[in-house]
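Student: fold the following and give me the result.
(chains A and B)
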Number of protein chains: 2
Amino acid sequence: MGDWQIIEGNVTAPRGFKAAGITAGLKPSGAPDLALIYSETEAIAAGVFTTSVVRAACVDYCRQRLQQKAYARAILCNAGQANAGTGDQGWQDALETAQLVAQHLNISPDAVLLASTGVIGQRMKMEAFRAGIPQLVASLSETGGDAASQAIITTDLVTKAIALETTIEGRPVRIGGIAKGSGMIHPNMATMLSFVTCDAAVSTHLWQEMLTRAANKSFNQITVDGDTSTNDSLIALANGQSRTSAITEMNADGEKLEAMLTEVCQYLAKAIARDGEGATCLIEVQVTGAPNDAAARQVAKTIVGSSLVKSAIFGRDPNWGRIAGAAGRAGVPFEQDHLRIKLGDFLMMDGGQPMPYDRQAASDYMRQIAQDSSFPEGGQRRDNPLIIAVDLGNGSGKGSAWGCDLSYDYVKINAEYTT
Amino acid sequence: MGDWQIIEGNVTAPRGFKAAGITAGLKPSGAPDLALIYSETEAIAAGVFTTSVVRAACVDYCRQRLQQKAYARAILCNAGQANAGTGDQGWQDALETAQLVAQHLNISPDAVLLASTGVIGQRMKMEAFRAGIPQLVASLSETGGDAASQAIITTDLVTKAIALETTIEGRPVRIGGIAKGSGMIHPNMATMLSFVTCDAAVSTHLWQEMLTRAANKSFNQITVDGDTSTNDSLIALANGQSRTSAITEMNADGEKLEAMLTEVCQYLAKAIARDGEGATCLIEVQVTGAPNDAAARQVAKTIVGSSLVKSAIFGRDPNWGRIAGAAGRAGVPFEQDHLRIKLGDFLMMDGGQPMPYDRQAASDYMRQIAQDSSFPEGGQRRDNPLIIAVDLGNGSGKGSAWGCDLSYDYVKINAEYTT
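Tutor: Residues are numbered from 1 along each chain as shown, chains lettered A, B, ... in the order given. A predicted model of the protein is given here:
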């Protein structure tokens, strides 16, 4: 663990941030569905967005805004409609929502970023935005992080939120984050959204670099079902309100900040993976011995994304053959004679040869992990993933990926809902 | 349809081929588990094998044999043990089985090719091979194709077999094929195997080229769950017994032969996709308007492999948003404003805009397709896939892919079996 502690307040834990979440009537369920994160001063802004060529209007909007100027004051997020597959009308609707937020916050529309999640192809309920945004702005508070974390989720079982605090130059520096996962009971709600706030002072360029690296070790390393959404967005604001010196290069303070940012992203990413539809346990695949870190991450993600591996884990079946098979097809070269596979403490393959192990004990380990890692009340941290450790014997690259098992309920959830 | 007709006999339909399938005691179930395909004369041999770096001994063996000399007289295939993850012992066992076949057929061991499917990491039951191979050779017959097609399957619901006949230089030329699919009830039985026989005369180099292209349009375009096996093999023999002139270039006869080979491979590939575990219907995704054919195939395969698309189809939910989402993340550039999506006759998206359509009628179409394409007795041809047509508006490339829906039974089958 790094040099930080967990604190309360998620995105409103860093100084100078407020947040709110309300029910605006965008979701048929009547649950909270409109969130706002607000920085009292201008914040530098970094973003990582879906790589899909089919993108929601809000994603195109944010990319354009951040390319023009990497600053922001507010992030508006709605749940209910994705504003994807909505053509020109969707773009106009996005512009109008940004203008409404800017007007009521008395800031420039250019300082407003947007995110949406929900049904693809349905127009945004603009009347609900027009009525809800003034109320949302009025609800902003320094303890509004929890309300915001509630309003961005769709079918997630729990909210995902965390804040960490460290010390730089003797002053507290905080990073908070909230996320929603791929709760896809409703059609097309595969979207992963995460919003991160930070009160450190950091240069624009460095903040984007840190966020990109953190995303590559966290959100880009989780998989529930391999589907990338039209709306996936990770946006991070840093407003400098900790009043520490600006970090402009990767010195010790820079590394401390990036490590804490990475930890926030990994915590949220793991929470999303654990909350995969119908999942009964979190899986962590640790790959070592790869030609480089990126190759290691690729192998880890291929294993954790294999439907055969995922369903074997749901069946508490220590099926190392499926793990070896997935490693082999990941597109990373290695000699199968060097392959080593461990499940928890059980060594199953070494030097490419099957090893004797206690099959029943290994299955019991899997069962115990699922029981231990079952979701506690209140979204407490789950530190107990099922560990699959794979060494390729072909270098010093290492990397991890996270996912969940594949259960009957995944199919039930995704098949039975009728649009 | 091409210039050919369906005939009986599958791999023994071409002249000069015999086959056999027996129960050697390799499968715990007592079902047939050992198959042999034999050419009375030397046949040129081409192969396409798993791209995984974790490979069964038989795959390494065949690759080595075909690199040395692309000829063969016999293919031995066992079901029960995959001979993968078996280390040095597995390689020795592979060599011994080839020697046993060669000895009893009185041919060179170099003329024997091998394929295996079954449990990874278990040693081959060599006593069963030693006892079974003499009996297998004694059972060879000109009508043995059906017995061979039975002995190569594992948990497939039906056998997959076909033979086609065309005319070249006024003489009948035939191609026959059998296959087993990814029936993965047993652990690690994700293997796809297919064996093709042909009595045309064709040059070695051209035959391999034809087979590679045919595989790229068929077996490489199906997906059940995205898992590539340690044992996947497609082997094709051509023995020239039709006594037609040798085809040495892609003239009209060459094109005719390749078209018929492609049709055989596509028929078998579709049969494998339809027989995916727990599947209730075959899905065909036709992509047009791609930068090139390979890009079109990539988009088609991404769509047909999407768990979200597959589970929506199981739910008979005309969820075009998931299709658009999968197309967008396939790694092929296009403008979303040019995207066009049809499900059967229902136009759902055009020019990137959602189109009005009769949702109930579209769902009824999906339900009807599943009903029509349900597996008839005797493994008859199913000509009625669910059609998803996607145009990217970015070129003239086109390609198709096939898969199946994702049902509760997939998870049940893959989770509940305990190794």
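Student: how many neighbours does the spatially closest residue to residue A:107 that is not a sequence neighbour have?
Tutor: Taking CB to CB, 6 or more residues apart in numbering or on different chains, and ignoring the residues beside it in sequence, residue A:107 has residue A:73 as its nearest neighbour in space, at 4.9 Å. To be clear about C-beta, it is placed using only N, CA and C from the backbone, and glycine gets the same treatment. Under the neighbour criterion other CB atoms under 10 Å in any protein chain shown, residue A:73 is assigned a count of 23.
Student: distance of the nearest residue to residue A:352 once chain neighbours are set aside relative to residue B:158?
Tutor: Of all residues not flanking residue A:352 in the chain, residue A:337 sits nearest, at 4.0 Å (CB to CB, 6+ apart). Relative to residue B:158, residue A:337 is positioned 38 Å away (CB to CB, to the nearest Å).
Student: and residue A:68, by the same measure?
Tutor: Between residue A:68 and residue B:158 the distance, using CB to CB, works out to 60 Å.
Student: pull out the buried positions in whichever strand or helix holds residue A:133.
Tutor: Residue A:133 is part of helix A:126-138, with elements assigned from DSSP states H and E. Counting neighbours by 16 or more other CB atoms under 10 Å in any protein chain shown, one finds that the buried residues in helix A:126-138 are A:128-129, A:132-133, A:136-137.
Student: same question for stretch A:86-105.
Tutor: Buried, per 16+ other CB under 10 Å, within stretch A:86-105: A:86-87, A:90, A:93-94, A:97-98, A:100-102, A:104-105.
Student: from these, pick the one nearest chain B.
Tutor: Ranking the buried residues of stretch A:86-105 by separation from chain B, with CB to the nearest CB as the measure, puts residue A:87 on top at 4.2 Å.
Student: which ones are touching that closest one?
Tutor: Neighbour list for residue A:87: B:337, B:351-354 [criterion: CB atoms under 8 Å, 6 or more residues apart in numbering or on different chains].
Student: what's the most distant pair in those residues?
Tutor: Within the contacts of residue A:87, B:337 and B:354 form the most distant pair, 12.6 Å apart (CB to CB).
Student: look at these two and report which has more neighbours.
Tutor: Set residue B:337 next to residue B:354 and count neighbours by other CB under 10 Å: residue B:354 wins out with 21 against 11.
Student: show me the contacts for the nearest residue to the more buried one once chain neighbours are set aside.
Tutor: Counting by CB to CB, 6+ apart, residue A:121 is the residue found nearest to residue B:354 once chain neighbours are left out, at 4.2 Å. Taking CB under 8 Å, 6+ apart as the definition of contact, the neighbours of residue A:121 are A:84-86, A:188, B:320-321, B:349, B:354.
Student: could you redo the last one with a cut-off of 10 Å?
Tutor: Applying CB atoms under 10 Å, 6 or more residues apart in numbering or on different chains, we find residue A:121 in contact with A:81-87, A:90, A:187-188, A:419, B:319-321, B:324, B:348-349, B:353-355.
Student: if any of those residues are buried, put those into a PyMOL selection.
Tutor: What follows is the PyMOL syntax for the buried subset of the contacts of residue A:121, where burial is set by 16+ other CB under 10 Å:
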select buried, (chain A and resi 81+82+83+84+85+86+87+90+187+188+419) or (chain B and resi 319+320+321+324+348+349+353+354)
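Student: among the contacts of residue A:121, which are in helices?
Tutor: Of the positions in the contacts of residue A:121, A:87, A:90, B:320-321, B:324 sit in helices, assigned by DSSP state H.
Student: now the two most distant members of those residues.
Tutor: Using CB to CB, the pair of those lying farthest apart is A:90 and B:320, separated by 15.6 Å.
Student: what's the pLDDT at residue A:192?
Tutor: pLDDT recorded at residue A:192 is 88.
Student: the nearest residue to it once chain neighbours are set aside: neighbour count?
Tutor: The shortest distance from residue A:192 to any non-neighbouring residue, by CB to CB, 6+ apart, is to residue A:232 (4.9 Å). Other residues near residue A:232 number 25, with proximity taken as other CB under 10 Å.
Student: contacting residues for residue A:232?
Tutor: For residue A:232, the contact set (CB under 10 Å, 6+ apart) comprises A:48-52, A:55-56, A:59, A:115, A:117, A:182, A:190-194, A:219-220, B:329.
Student: just the buried members of those?
Tutor: The buried subset of the contacts of residue A:232 - by 16+ other CB under 10 Å - is A:48-50, A:52, A:55-56, A:59, A:115, A:117, A:182, A:190-194, A:219-220, B:329.
Student: inside strands: which ones of those?
Tutor: Assignment to strands by DSSP state E places the following of those there: A:48-49, A:115, A:117, A:193-194.
Student: let's have these in CSV, adding distance to residue B:304.
Tutor: Supplementary listing: these in CSV, determined by distance: CB to CB, whole Å:
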residue, distance to residue B:304
A:48, 28
A:49, 26
A:115, 30
A:117, 25
A:193, 27
A:194, 30
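Student: those residues: which two are farthest apart?
Tutor: A:48 and A:117 (15.9 Å).
Student: about what we covered before: what subset of the buried residues of helix A:126-138 is also close to chain B?
Tutor: By CB under 10 Å from any CB of the partner chain, no member of these lies near chain B.
Student: closest to residue A:361 among the residues you listed?
Tutor: Proximity to residue A:361 was ranked across the buried residues of helix A:126-138 by CB to CB; first place goes to residue A:136, at 53.5 Å.
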